[in-house]
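Student: Provided below for reference: sequence and predicted model.
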Amino acid sequence: MPCRVVAILWMRTRCMSTAVGAILSCNAPLLLYMLQAAVNQIVDGLFSVLVTLGVVPIIRCPKGGAAEHVAAALESRLRDHLKARSNLFSEGTSALAATLSRPLLVIFDRNFDLSVMLQHCWSYKPLVQDILGLKLNRVALAPDTSGLPPGASLLPQHQKKGYDVDDKDFFWEAAGALPFPKVAEEVESQLQRYKAAVDEINSKTAGNGAEADGVLLDHDELLKRNTQNLMSAVSSLPELQEKKKVLDKHTNLATALLTAIKNRGLDGFYNLEEDLLTGKADTGALIKLLQGAKGSSEDKLRLALVHLLAAEQAPNEAELQELSAALTSAGVPDTTALTYVARLRRNRLIGSARPAPGTGHGVHVPSQGNLLDWADKALGQGISTVTRSVKNLLSGARQAPVAAALEALMDGKQGTPEFESFAVMDPKLPAGRTGADRAKGPFREALVFMIGGGNYLERETLAAWASRSQPPRQVLYGATDLLTGEEFLHQLEELGRRSGIAPAAPAPAAPVAAT
């Protein structure tokens, strides 16, 4: 069957009174019991997922840090449970449990790749999460007050609207991985099918005459045919009405996305970040976009952080001051996150986000010169100018770090940095034995769990890699939380403040020559 990411685990770590997320729990200075509480809650959640799936996996994780701490605790929990003659895994009947080989569980620390949490995206599901704030499969759109005078009370039609999106939503599943302009085409295609079905029902129930193929029908035959057509229409109308509701919902979501893309110039940020991650952009293009009118303060700070993470070398003090000065002049009030991430890079606590060449997750965006009329009518004028500027990004231009590591681990690529630097744990072996021989692979199924938050972009990245793999792979993705780019940015800022970091001082202005 086609391989895709089939699940998202939703386990929010709330070990701290401020409840600002698992990345803070695992990185900020904490009391030992608070850290252990966070680890225990993550282990409980992972254990429950494995019991539900009915599998005992081989565990891999980067050595050192929160990931190895969680992996060791999970291994111990599983080993102790398996000692019982009758245990929860003896009745596993899921599709994953029915396979002959055991799956691989790879636990990552968010520091393994920060860029995917900060970069802007262009495909539908990640856009809905990042821009519209998808939470627990529900999107709440802000009310449209453009036609109201200042201070006027909101009418019912101007209230905030909520929409549910999940795997039962046929359009959400069909178009979720498509680039945004393709979503417009898919909605138009689905609307045309709906209209054709309605027209067919209308033609059958109109009762246009008493002839069929030139043969005059008697009264009884005519009544029989009309009754059959009416019954067919009655049975199909509820399904058609439900389909129309789904299409109207996604029309509204796409309209809200287009408004944000146009107002914030998100296509420009997306393009430049893709260039940064593939080593094609220069500092001049970065400074120009930072000082431009488009984009919020958070958009510009995210772009600067992607630049910092994509650089081959950690920035020196002069480069950091120049970048901080550009952000300050662009109206960014706080650059604590920039200073904090720069320190992580200098201390080699995180690596470069620039991926190795290979099959990657760059979204292929075709030419946008001829978008459908639906885009002009439903989304408003201007979508063509927005999307035409998005470059043709060939799929396979780059590979995300998490996807590259997962490929090396599932294929058993011994000798690669990803394979050799990950610890191996097997709960079915006695304590002290690593099970390295069992980790050689290849594996057909894997569970990927990210400590410190994940997002739909990373989910779609792994789904795209799994579907391209030969043979196909099955990957389940989970995280301690699902965060938008802005939410993750605020967590980095909080980490910087808790670590005692002050924002980088802007570079002094050049003296003005006397005339």
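Tutor: Good, I have the coordinates.
Student: pLDDT weak spots in the stretch 351-500 of the chain?
Tutor: 351-398, 435 (pLDDT under 70).
Student: from the chain's centre, how far out does the helix or strand R459 falls within sit?
Tutor: R459 belongs to helix 456-468 when assigned by DSSP states H and E. For helix 456-468, the separation from the chain centroid amounts to 9 Å (computed by Cα atoms, centre = their mean, to the nearest Å).
Student: can you check stretch 293-308 too?
Tutor: Centre-to-centre, stretch 293-308 and its host chain are 19 Å apart (Cα atoms, centre = their mean).
Student: Just the buried positions in it, please.
Tutor: Of the residues in stretch 293-308, 295-296, 298-308 count as buried by neighbour count, 16 or more other Cβ atoms under 10 Å. Yep, even glycine has a C-beta here, placed from its N, CA and C like the rest.
Student: Stretch 75-86 now?
Tutor: Applying a neighbour-count criterion of 16+ other Cβ under 10 Å, one finds 75, 77-79, 81 buried in stretch 75-86.
Student: repeat for stretch 249-264
Tutor: 249-251, 253-254, 256-259, 261-262, 264.
Student: In this structure R346 contacts N316, no?
Tutor: No: using Cβ atoms under 8 Å, R346 is not in contact with N316, being 9.1 Å away.
Student: more crowded one of those two?
Tutor: R346 (14 against 11; other Cβ atoms under 10 Å).
Student: Give the burial count for the nearest residue to that one once chain neighbours are set aside, as a bare number.
Tutor: Leaving aside its chain neighbours, R346 sits nearest to A314 (4.7 Å; criterion: Cβ to Cβ, 6 or more residues apart in numbering). A314 has 19 neighbouring residues, counting by other Cβ under 10 Å.
Student: And the one 4 residues further on, by the same measure?
Tutor: Residues contacting A318 under the criterion other Cβ under 10 Å number 9.
Student: And it, how far from A337?
Tutor: Distance from A318 to A337, counting by Cβ to Cβ, to the nearest Å: 20 Å.
Student: For my notes, confirm R102 occurs in a helix.
Tutor: No: looking at R102 with DSSP: H, G, I helix; E, B strand; the rest coil, it is coil, so not inside a helix.
Student: contacting residues for it?
Tutor: Residues in contact with R102 (Cβ atoms under 8 Å, 6 or more residues apart in numbering) are 55-58, 438.
Student: Look up phi and psi at the nearest residue to F108 once chain neighbours are set aside.
Tutor: Counting by Cβ to Cβ, 6+ apart, the nearest residue to F108 once its immediate chain neighbours are dropped is M450, at 5.0 Å. With angles defined as degrees, to the nearest 10, M450 sits at phi -110, psi 120.
Student: Return the distance of M450 relative to F269.
Tutor: As judged by Cβ to Cβ, M450 and F269 stand 23 Å apart.
Student: Which one's more surrounded, those two?
Tutor: Between M450 and F269, counting by other Cβ under 10 Å, M450 is the more crowded of the two (29 against 21).
Student: All the strands of the stretch 351-500 of the chain, in order from the start?
Tutor: Using DSSP state E, counting those that start in this stretch, the strands of the stretch 351-500 of the chain run over 422-425, 445-451, 474-479.
Student: so what strands line up beside the shortest one?
Tutor: If I follow you right, that is strand 422-425. Counting by DSSP bridges, the strands paired with strand 422-425 are strand 58-62 (antiparallel).
Student: so the partner strand versus strand 445-451, what angle?
Tutor: With axes from the mean of the first three to the mean of the last three Cα atoms, to 10 degrees as the basis, strand 58-62 and strand 445-451 are set at 40 degrees to each other.
Student: distance between strand 58-62 and the chain's centre?
Tutor: With Cα atoms, centre = their mean as the basis, strand 58-62 stands 23 Å off its chain's centre.
Student: hang on, the earlier thing: okay, the strands of the stretch 351-500 of the chain, which one's buried deepest?
Tutor: Scoring the strands of the stretch 351-500 of the chain by mean neighbour count under mean count of other Cβ atoms under 10 Å gives strand 445-451 as the most buried, with a mean of 26.
Student: That one to helix 456-468, inter-axis angle?
Tutor: Angle between the axes of strand 445-451 and helix 456-468 is 160 degrees (criterion: the same axes, to 10 degrees).
Student: List the neighbouring strands of strand 445-451 plus their orientation.
Tutor: When sheet partners are counted by DSSP bridges, strand 445-451 sits next to strand 104-109 (parallel), strand 474-479 (parallel).
Student: The helix or strand that the first one is followed by - contacts with which helices or strands?
Tutor: Proceeding N to C from strand 104-109, the next assigned helix or strand is helix 115-118, under DSSP H and E. Packing partners of helix 115-118 (3 or more Cβ pairs under 8 Å, 6 or more residues apart in numbering; DSSP states H and E): helix 297-310, helix 456-468, helix 485-498.
Student: what residues does the first one touch?
Tutor: Looking back up the chat, that one is helix 297-310. With Cβ under 8 Å, 6+ apart as the criterion, helix 297-310 contacts 114-115, 118-120, 264, 266, 269, 272-273, 276-277, 279, 281, 286, 289-290, 295, 315, 323, 326-327, 330-333, 335, 337-338, 341-342, 345, 350, 352-354, 485-486, 489, 492.
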